[in-house]
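Colleague: Predicted structure and sequence below. I'll ask about it afterward.
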Amino acid sequence: CTFLHLLFMQTQPNLSLSDFPESNLLIPYAWQANGLHPGPTVTIFGGVHGNERVGLSVIQMLLSEMAAGNVLAGTLKVALGNLDAIEKNVRFIQKDLNRCFGTPKGSTSEEIRAQALKCVIAGSDAFIDIHSTIKPSDPFIGGLTLDHPLMKQILPNLGIQNLMTGVGWGSPTSEPIYADTFAQSMGALGLTVEAGGIDNPDTLLIIERIRHALQTLGVLKGTPTGKLIHEFDYSNAYENIVAQPGFSFEKDFQNFEFLSAGTTYATYPDKALAVDRDSQIVFPKSKANLVIGSEAGILVEPKRVITL
């Protein structure tokens, strides 16, 4: 009964802040557990976007592991992201928290929270941010680069087939405004795990794969039981599309929708934007979700198989 109750609680979309224990770090809703043996420092965030509930379930699972004394080696740090947005079940309140990890520019609640969360990320060897996509998609892993010592150790054990990296994953200015790119700028392996579409995330899969990866690293107690993946369906992210005044997509694109070379995908009043190669579009924002000066989507090259 205990296991079934825990499983039920871990996958509930209606978790609120009151379902989480008091923080044991200096900032609210952030926790740390240290193992008895040397090992990596791994940090995991959930709820950076308040309506993406899968991350809350992952954090609750990890807190259960901490409470049971199952952190064996290294350090495990976990945190909830946008607290006010989590309570209101919305993406953000004033500003997208996952655009606030660069140089401080304002005093919104998200910008203040980002500065606190940067202190949690500091000192990490690996950082994983749990999300789900606004539009339907299969689960995938995203990051800035494959060039990190922990990449080949962690990626196969996360066991998620679809992988995306490249300059387009970061901001056009190269400023580390996203949580994962900030972690990467601090020397950590910075990854985002997208659990699938926001309305139907594969919560149980993500919980199991995060646990499996941490067990493989020796951070968590237990014998890893999930499958390893060494061949990935890989997409090179080559351009981050930023919406400036007058920007409009040609249509309401879906995640990973194919664009043949020369296809116009967006327009401004005085020009059209077309892809210069066969491409797919990821995270295409609907008109209601477009924020001027911010990411409207990412262009990637069509998937190809790579081996790690």
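Modeller: Thanks, I have the structure now. It should be emphasised that the depicted structure is a prediction, and the values quoted were computed from it without experimental measurement.
Colleague: Count the neighbours of Phe182 for me.
Modeller: 24 (other Cβ atoms under 10 Å). The C-beta positions use only the backbone N, C-alpha and C, and glycine is treated the same way.
Colleague: tell me the contacts of it?
Modeller: Counting by Cβ atoms under 8 Å, 6 or more residues apart in numbering, Phe182 touches 101-102, 118, 121, 176, 190.
Colleague: how about 10 Å then?
Modeller: Remark: with contacts taken as Cβ atoms under 10 Å, 6 or more residues apart in numbering, Phe182 is in contact with 98, 100-102, 114, 117-118, 121-122, 127, 129, 175-176, 188, 190.
Colleague: Please pick the buried ones from those.
Modeller: Applying a neighbour-count criterion of 16 or more other Cβ atoms under 10 Å, the buried members of these are 98, 100-102, 114, 117-118, 121, 127, 129, 176, 188, 190.
Colleague: of all these, which comes closest to Lys251?
Modeller: Taking Cβ to Cβ as the measure, Asn98 is the one of those closest to Lys251, at 25.3 Å.
Colleague: On the three-state scheme, the closest one is what?
Modeller: Look at Asn98: counting by DSSP: H, G, I helix; E, B strand; the rest coil, its state is helix.
Colleague: So it sits against Arg113, correct?
Modeller: No - in this structure, Asn98 sits apart from Arg113 without contact. The criterion is Cβ atoms under 10 Å, and the distance is 11.0 Å.
Colleague: Find residues that contact each of those two.
Modeller: Overlap between the neighbourhoods of Asn98 and Arg113 consists of 48, 81-82, taking contacts as Cβ under 10 Å, 6+ apart.
Colleague: Looking at these, which is nearest Asp147?
Modeller: Val48 (24.3 Å).
Colleague: residues in contact with the closest residue in space to the closest one that isn't next to it in sequence?
Modeller: Excluding its sequence neighbours, the residue lying closest to Val48 (Cβ to Cβ, 6 or more residues apart in numbering) is Gly81, at 3.4 Å. With contacts taken as Cβ under 10 Å, 6+ apart, Gly81 has the following neighbours: 29, 45-50, 52, 55-56, 59, 92, 97-98, 110, 113-114, 117, 129-131, 179.
Colleague: Among the contacts of Phe182, name the ones in strands.
Modeller: Among these, the ones falling in strands (DSSP state E) are 127, 129, 190.
Colleague: Return the per-residue confidence for the second one.
Modeller: In this prediction, Asp129 carries a pLDDT score of 98.
Colleague: isn't it right next to Leu189, touching?
Modeller: No - no contact is recorded between Asp129 and Leu189 when judged using Cβ under 10 Å, the distance being 11.7 Å.
Colleague: quick one: common contacting residues for the two?
Modeller: With Cβ under 10 Å, 6+ apart, Asp129 and Leu189 have common neighbours 143, 180, 183.
Colleague: I'd like those residues written out as JSON lines, with pLDDT and distance to Ile292 added.
Modeller: Formatted as JSON lines, the entries for those read as follows, by pLDDT from 0 to 100; distance: Cβ to Cβ, whole Å:
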{"residue": "Gly143", "pLDDT": "97", "distance to Ile292": "26"}
{"residue": "Asp180", "pLDDT": "98", "distance to Ile292": "23"}
{"residue": "Ala183", "pLDDT": "98", "distance to Ile292": "27"}
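Colleague: Which of those fall in helices?
Modeller: With DSSP state H as the criterion, helices contain 180, 183 from among those.
Colleague: Closest one of the shared contacts of Asp129 and Leu189 to Asn157?
Modeller: For the shared contacts of Asp129 and Leu189, the closest approach to Asn157 (Cβ to Cβ) belongs to Gly143, at 14.9 Å.
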